[in-house]
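**Q** The amino acid sequence is not available; the structure is as follows:
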């Protein structure tokens, strides 16, 4: 089960909820959901099972989200920054114009002037949009993707996959096939 | 009734359209060929024309690149080297206080390696093979599965064309000594070798040595090319006065790389004439 911690200043919802309900679980069964327009909040998606490791954490300037009593949530977040994790350890940071969490999914979609940053060894990935897919332990980046290190630049590419720490980059099929 | 004016106009329009289409196609092809996979800060190492790839950081200083292309093109400016192949598996690394370097390269399918050196006299080495491996640490190139080597220079002083099944070479560094006659410092080619050396002497005369043998070894510091195993030489180089059949033949080169002396060893040794006398302890000329 997905667990999420939402922290923020809730305001009365005055706009439609942004959550993607098509791919998410049926929220009419089980827990009742609440929706909110939020300012300057943050959330953390946790893994299933007993370990409850952090999959990703996000902070936003504004957000339109809905969430339930189990801590699952979905919706749009704007002017975002955050961190993705592997086995509970922080791997890379991100910043972008907006992000969308899908209700019932671990994926986080990030769009608009996306920058992914790793401090050691210093590596930066820039693109138009990227999905952090913790279940497959990879970023899925699209649109003018450029990876910059202190030694060299990779790209621009139309679409690539990358590991959470940006240490492995590849075209999607080759990335999946790699030993 | 055909109106010749309209017909001519249509033909012209079609030609312009076709020309424009060709131009667009060529532009698209050129743009596709420019697909950059990796480029370092001063464009010393550039990898382009990929179809798919994986790049993996092995450490803060070293990165492995596995890529395919049609063909993939690896340009390594410091060593004046361009490599082309369908597949590439290599590493790039940054030495201490240094810039990015091509460290190793394993190339397969349709391998072409071109090395260009020199300023006043530009030398070019072109190698084709089925597979190749380059190691920057010792500037070694090992080629297999059908090898073709062509060595030329910008003044047409010397051309060496060698075909065989496999070969191994050690190249001079880009800052080769002035006495170097070739890009290849040492090398050997084996397996059904055909060897053609065309030289132009200082007096303008030129000649060709054509040979077949089992193995050719090149030793530039020694100024010597050695042909071994069922050696059969023909040609019109001034150093030759007839065909040669022998087990082993050494061609000694002058400072410019022109054949200066020929030594024939083993049996049968049918013919050999050189400009100079055989040094003491030489073979059975």
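**A** Structure received. Just so you know, these numbers come straight off a predicted model, no measurement behind them.

**Q** in the sheet, who's paired with residue A:132?
**A** Residue A:132 forms beta bridges with residue A:108, residue A:139, as assigned by DSSP bridges.

**Q** Is it in contact with residue A:105, as I believe?
**A** No: using C-beta atoms under 8 Å, residue A:132 makes no contact with residue A:105, being 11.1 Å away. Every residue, glycine included, has its C-beta placed from N, CA and C.

**Q** More neighbours: which of these two?
**A** A direct count of neighbours by other C-beta atoms under 10 Å in any protein chain shown for residue A:132 and residue A:105 places residue A:132 higher, at 30 against 19.

**Q** which ones are touching that one?
**A** Taking C-beta atoms under 8 Å, 6 or more residues apart in numbering or on different chains, we find residue A:132 in contact with A:56, A:84, A:94, A:107-108, A:110, A:139, A:164.

**Q** Can you tell me which of those residues has the most neighbours?
**A** Most neighbours among the contacts of residue A:132, by other C-beta under 10 Å: residue A:110, with 29 neighbours.

**Q** In space, what's closest to the closest residue to chain B within chain A - neighbours in sequence excluded?
**A** Using C-beta to the nearest C-beta, residue A:170 is the residue of chain A that sits closest to chain B, at 3.7 Å. Excluding the flanking residues, the one nearest residue A:170 by C-beta to C-beta, 6 or more residues apart in numbering or on different chains is residue B:54, at 3.7 Å.

**Q** Just checking the distance from the helix or strand that contains the one you found to the centre of its chain.
**A** Remark: residue B:54 resides in strand B:45-57, with elements defined by DSSP states H and E. Put simply, strand B:45-57 sits 23 Å off its chain's centre (C-alpha atoms, centre = their mean, to the nearest Å).

**Q** Parallel or antiparallel, list what pairs with that strand.
**A** When pairing is defined by DSSP bridges, strand B:45-57 lines up against strand A:168-170 (antiparallel), strand B:36-40 (antiparallel), strand B:62-76 (antiparallel).

**Q** Return the residues in contact with the residue in chain A sticking out farthest from the centre.
**A** Ranked by distance from the centre of chain A (C-alpha atoms, centre = their mean), the top residue is residue A:151, with 27.7 Å. For residue A:151, the contact set (C-beta under 8 Å, 6+ apart) comprises B:40-41, B:61, B:63, B:92, B:94, B:100.

**Q** Is residue B:105 in contact with residue B:82, as I believe?
**A** No: with contact defined as C-beta under 8 Å, residue B:105 does not count as touching residue B:82 (11.5 Å).

**Q** For residue B:181, find the nearest of the strands paired with strand B:45-57.
**A** Of all the strands paired with strand B:45-57, strand B:62-76 sits nearest to residue B:181, with 22.9 Å by C-beta to C-beta.

**Q** List the buried residues in that closest one.
**A** Buried residues in strand B:62-76, counted by 16 or more other C-beta atoms under 10 Å in any protein chain shown: B:63-69, B:71-76.

**Q** so which of these would you say is closest to residue B:47?
**A** Nearest to residue B:47 among those, counting by C-beta to C-beta, is residue B:74 at 5.2 Å.

**Q** Which residues does residue B:264 form beta bridges with?
**A** Residue B:264 has the following beta-bridge partners by DSSP bridges: residue B:249.

**Q** Repeat that for residue B:166.
**A** residue B:190.

**Q** Return the residues in contact with it.
**A** Here residue B:166 is in contact with B:129, B:142-145, B:147, B:189-191 (criterion: C-beta under 8 Å, 6+ apart).

**Q** What subset of those is buried?
**A** The buried subset of the contacts of residue B:166 - by 16+ other C-beta under 10 Å - is B:129, B:142-144, B:147, B:189-190.

**Q** Closest residue of chain B to chain A?
**A** For chain B, C-beta to the nearest C-beta, closest residue to chain A: residue B:54, 3.7 Å.

**Q** Test for you: state the pLDDT assigned to that residue.
**A** On pLDDT, residue B:54 comes in at 98.

**Q** again with residue A:13
**A** 33.

**Q** How are the helices of chain A distributed by residue range?
**A** Applying DSSP state H to chain A gives helices spanning A:172-177.

**Q** ok, now which ones touch the spatially closest residue to residue B:154 that is not a sequence neighbour?
**A** Of all residues not flanking residue B:154 in the chain, residue B:122 sits nearest, at 4.0 Å (C-beta to C-beta, 6+ apart). Residues near residue B:122 by C-beta under 8 Å, 6+ apart: B:116, B:153-154.

**Q** out of those, which is most surrounded?
**A** That'd be residue B:153 among these, by other C-beta under 10 Å, with 20 neighbours.

**Q** So what's the residue count around residue A:150?
**A** That count, for residue A:150 with other C-beta under 10 Å as the rule, works out to 11.

**Q** what about stretch B:74-86, how long is it end to end?
**A** 11 Å (C-alpha to C-alpha, to the nearest Å).

**Q** Give me every residue in chain A lying close to chain B.
**A** Taking C-beta under 8 Å from any C-beta of the partner chain as the contact definition, chain A meets chain B at A:120-121, A:123, A:149, A:151-156, A:167-171, A:173-175, A:178.

**Q** Can you pull up the most central residue in chain B?
**A** With distances taken as C-alpha atoms, centre = their mean, residue B:126 lies nearest the centre of chain B, 2.1 Å away.
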